[in-house]
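In: could you work out the structure for the sequence below:
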Amino acid sequence: MNPHETISQQVKDLSHPDATERRQAAEALSAGDERALYPLIKALRDENTGVQDAAMRSLIAIGGEITAYMTLPLLREDAYLRNTTRIILRQIGEPAIPLFRSLLKDKDDDVRIFAVDLIGEIRSCGYPQDIADLLESDPNPNVRSSAARTIGRLGYTQAIPRLQSALKDEEWVAVSALEALAEFHAESAADRIAGLLSSPSETLRYAAIEALGNIASPASSGPLLNYLATAGDFEKTAIVKSLVQIGISPSMSEVYELLIDIFLNADWEDKLIALRGLANLQDPRAIRPIVDLAGSLDPSEPESEERITAIQEALSLFGCSPELIEVLKDPSVKFRGKVLAIDSLAVLACSEAVPTLIHLMEGNLREVRRASAAALAEISGDAAMQALRDSIEDRDGHVRRAAAVALGRIGDRASFEPLLNYLPTERYQDVFEEMVKALLMIDQEALCARLGTLNPAAREIVGRYARDEQALLTLSNDPVRVVRLAALSGLGSVRSGAAEKRLLAALADADPEMKKAAIASLGSMNSGVEQIILLLNDKDTWVRLSAVTALAASGSEAMIDSLAPLLMDPEAPVCFAAIDAIARIGGRKALAALGQLKNHHEASVRERIAEILENLA
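Out: A predicted model of the protein is given here:
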């Protein structure tokens, strides 16, 4: 059936007695052309809602100016057809915009409103002046209100003088004008908007308060503060929120009680606004309520992250204040609140807090003690450092770990011996590892000089993290297997002739794990290619796989000849590694090698090859 016959049949099926057939025909016509438009428009009146919906979606899919033109008359029909047509026109978008211009002068008030609203929803118009004219010329206040709102959405700033004039219009027109002026952040209109604070209309006063906040002109804060004394409770909250948006200064102390009330009793959206105001106000009375609220937050809840961050930033704005330090001494403050306060003091590097933090290290709250250790590291200083050194032997493993991390990061040489001496008694593996890493960061040379005094667990960690060539060479011959493995892995980062020689020797080791570690290190150095090629025939599956991976890293097309035999390896992991390695190298040679596997007996291999060949082609 040719396309013309198909559309004809689909149009015919729109009259089928079965609603399912009609709906399917309406859906199919979404791929049609102008011939489908009138039948689909008729189908909008179908008794079946499924057919109506399908017809609407197909008209949207066909789209274009012709579709928009043919649906425009439906704006004069019943409520359902008007709303459906608005959806269609809104989705058609910009192609429909030229057709709305003539509707701005339509005798029907509703049609003018529809046209203006649609332009605002589409947010595009080549004749914004015509809409601005409606603010003064249209007799219907609803049209004028829609015009003001649409001017804001279009960003037509040339209409600001007319919007200011519209503030004297009927209430809802003035409210829409306020919204538009707020969208423009029109500072020039701030004085005139402030004049509305004396309006007898509560709705207009509230809209003016919000607009002043959104415009955020410094000149607006004075009128808002003056009105605050006589405003109702509902308006007071709006005024405070607007003042926060403008920028509260410490001189505005009269708004503290309102801000704290919003912070404690409003929803979280308003709490965050009040929090910003309290931080700017810098009234130390706010510190305790802020910390108390922080203590009630559960960090595991997704929405808490943003709130905790906001609270930390706010507390930091209070500076290193005595009130923030005093909060830490209060046993009634929840531990999470204390942790946030401690984190803020750490950001501020508040040296005055050191005695309190040291005292907290002696308490029973693990999270508080751990946060205190981290804060002392940020603050530094003799007293802080000594407290951290003392924490090396703390009763709590979490605190010992935090202290080790901090001392290592700082590079505190005075803690080297205490850390080294405590190592043999540390029973937690993660703490033990952090202590060894800290020793390496403080003085790698000194630690490597004492390898003979370290137990195998410590030597293994040194092998993983040290960058001292001689130490790694020594450890690569250690009698303990895990130590040798760690050192061979570490030698890849040394990149010296001696390191390469030791790694090449390890390729002949009887232990497959040693071979794998040496292969990986040589691969990272892009060295030992000829010796690694020999291991493509190793009897151990994982050695072969490691060799394939290392050779692929070279990216050399010359490797394909060596890798190609592995495409037939009996072990699936090796086979797939070879496929990915050759694909990664790419080029004609890779295509030819992989093309031989199109008919592989394993379906998973065939699928992978097909996918790769499609990407390489």
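In: so where do the strands sit in this structure?
Out: Per DSSP state E, the chain carries no strands over any range.
In: nearest the geometric middle of it, what residue?
Out: Glu306 (11.2 Å; Cα atoms, centre = their mean).
In: where does the chain dip in pLDDT?
Out: 1-5, 250, 616-617 (pLDDT under 70).
In: and if we set it to 80?
Out: 1-5, 229, 233, 248-254, 380, 554-556, 596, 598-602, 613-617 (pLDDT under 80).
In: ok, longest helix in it?
Out: The longest helix of the chain (DSSP state H) is helix 429-448.
In: quick one: list the elements packing against that one.
Out: helix 397-410, helix 416-422, helix 456-465 (3 or more Cβ pairs under 8 Å, 6 or more residues apart in numbering; DSSP states H and E). The C-beta positions use only the backbone N, C-alpha and C, and glycine is treated the same way.
In: can you lay out those helices as TSV showing distance to Arg162 and mean neighbour count?
Out: Output for these, formatted as TSV (distance: least, Cβ to Cβ, whole Å; neighbours: other Cβ atoms under 10 Å):
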stretch	distance to Arg162	mean neighbour count
helix 397-410	62	22
helix 416-422	74	17
helix 456-465	70	21
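In: report how many residues lie close to Lys105.
Out: Applying other Cβ atoms under 10 Å, we find 14 residues neighbouring Lys105.
In: actually Met70, sorry about that
Out: 15.
In: wait, which of the helices and strands packed on helix 429-448 is closest to Ile131?
Out: For Ile131, the closest of those is helix 397-410, at 61.6 Å, according to Cβ to Cβ.
In: hang on, the earlier thing: got a markdown table for the helices and strands packed on helix 429-448, with distance to Gly152 too?
Out: Listed next are the helices and strands packed on helix 429-448 as a markdown table, based on distance: least, Cβ to Cβ, whole Å:
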| stretch | distance to Gly152 |
| --- | --- |
| helix 397-410 | 52 |
| helix 416-422 | 64 |
| helix 456-465 | 60 |
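In: which stretch among these comes nearest Ser351?
Out: Using Cβ to Cβ, those put helix 397-410 closest to Ser351, at 15.2 Å.
In: tell me what that closest one is packed against?
Out: helix 366-379, helix 382-390, helix 429-448.
In: what's the longest helix of the chain in contact with?
Out: 392, 397, 400-401, 404-405, 407-409, 411-413, 415-416, 419-420, 422-423, 426, 457-458, 461-462, 465-468, 470-471 (Cβ atoms under 8 Å, 6 or more residues apart in numbering).
In: and Val255, what does it touch?
Out: Leu225, Leu228, Val240, Leu243, Ile248, Gly277, Leu281.
In: of all pairs in the residues you listed, which one is the farthest apart?
Out: Checking these with Cβ to Cβ, the most distant pair is Leu228 and Leu281, at 14.1 Å.
In: the more surrounded of those two?
Out: Shown here are Leu228 and Leu281; by other Cβ under 10 Å, Leu281 has more neighbours (24 against 17).
In: hang on, that one packs against Ile248?
Out: Yes - taking contacts as Cβ atoms under 8 Å, Leu281 lies within contact range of Ile248: 5.3 Å.
In: anything in contact with each of the two?
Out: Counting by Cβ under 8 Å, 6+ apart, the residues touching both Leu281 and Ile248 are Val255, Leu259.
In: for Leu504, what are its contacts?
Out: Counted by Cβ under 8 Å, 6+ apart, Leu504 has contacts Ala518, Leu522, Gly528, Gln531.
In: so which of the residues you listed wins on neighbours?
Out: Ala518 (31 neighbours).
In: how about it, nearest residue that isn't a chain neighbour?
Out: In space, and not counting its chain neighbours, Ala518 is closest to Ala506: 3.7 Å by Cβ to Cβ, 6 or more residues apart in numbering.
In: quick one: residues contacting that neighbour.
Out: Taking Cβ under 8 Å, 6+ apart, one finds Ser476, Leu488, Met514, Lys515, Ala517, Ala518 in contact with Ala506.
In: reformat the residues you listed as JSON lines; add distance to Ser253.
Out: Listed next are the contacts of Ala506 as JSON lines, based on distance: Cβ to Cβ, whole Å:
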{"residue": "Ser476", "distance to Ser253": "69"}
{"residue": "Leu488", "distance to Ser253": "68"}
{"residue": "Met514", "distance to Ser253": "72"}
{"residue": "Lys515", "distance to Ser253": "74"}
{"residue": "Ala517", "distance to Ser253": "67"}
{"residue": "Ala518", "distance to Ser253": "71"}
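In: just among the residues you listed, which is most surrounded?
Out: Ala518 (31 neighbours).
In: I'd like to know how far it sits from Lys334.
Out: Distance, Ala518 to Lys334, by Cβ to Cβ, to the nearest Å: 54 Å.
In: same check, this time on Glu136
Out: For Glu136, the distance to Lys334 - Cβ to Cβ - is 60 Å.
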